[in-house]
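Trainee: need a 3D model of the following:
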Amino acid sequence: QVQLKESGPGLDYTSQTLDLTCSISGASITSSKYYWTWIRQAPGKGLEWIAYIAWSGGIFYSPFFGSRTTVSRESSKNQFTLQMRSMTPEDTAVYYCAAGSKQAMSVNKDDYEWWGQGTQVTVSS
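Mentor: Numbers count the residues shown, from 1 in each chain. Presented below is the predicted three-dimensional model:
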């Protein structure tokens with residue numbers, strides 16, 4: 001059983017930067033062959049794929065977010081992280097980490113074997 005859990009510190013209003021961490025239990029971020037993924041869901045909208053970091057260390061970003069997103073991992077802690085800069089109210093959403101064995105920019109829930117519970121991020125204007 002794999003468990004994923006998102007945690008803060010969350011949004012820094014001074015720098016308009018979001019920092020999230022996904023902690024993994026029941027699997028290894030470096031040897032369990034998953035694509036460790038960040039996905040979000042804005043109010044009233046569908047899932048939006050952000051980026052993944054593969055067990056091999058390869059990283060792929062959604063072109064939609066451009067250069068304002070960085071994903072990394074801390075192997076010793078079995079965690080991966082998301083940093084999103086220049087946050088605006090349009091970035092208000094529930095942010096999820098997920099793990100899937102398919103290499104795909106999928107927004108289909110069934111393509112991911114494991115999900116975190118999600119964390120609400122609200123950006124005020």
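
Trainee: quick one, what contacts the most centrally placed residue in the chain?
Mentor: Nearest to the mean C-alpha position of the chain, by CA atoms, centre = their mean, lies residue 38 at 2.2 Å. By CB atoms under 8 Å, 6 or more residues apart in numbering, the contact set of residue 38 is 20, 22, 50-52, 71, 82, 95-98. In this view, the C-beta of every residue, glycine as well, is placed from N, C-alpha and C.

Trainee: repeat that for residue 41.
Mentor: 47-48, 93-94, 96, 118.

Trainee: would you say the residue nearest to the centre of the chain is within a strand?
Mentor: Yes. Applying DSSP: H, G, I helix; E, B strand; the rest coil, one finds residue 38 inside a strand.

Trainee: tally of neighbours for the nearest residue to it once chain neighbours are set aside?
Mentor: Spatially, and ignoring its direct neighbours in sequence, residue 38 is nearest to residue 50 (4.1 Å; CB to CB, 6 or more residues apart in numbering). Residue 50: 22 surrounding residues under other CB atoms under 10 Å.

Trainee: nice, that's everything, thank you.
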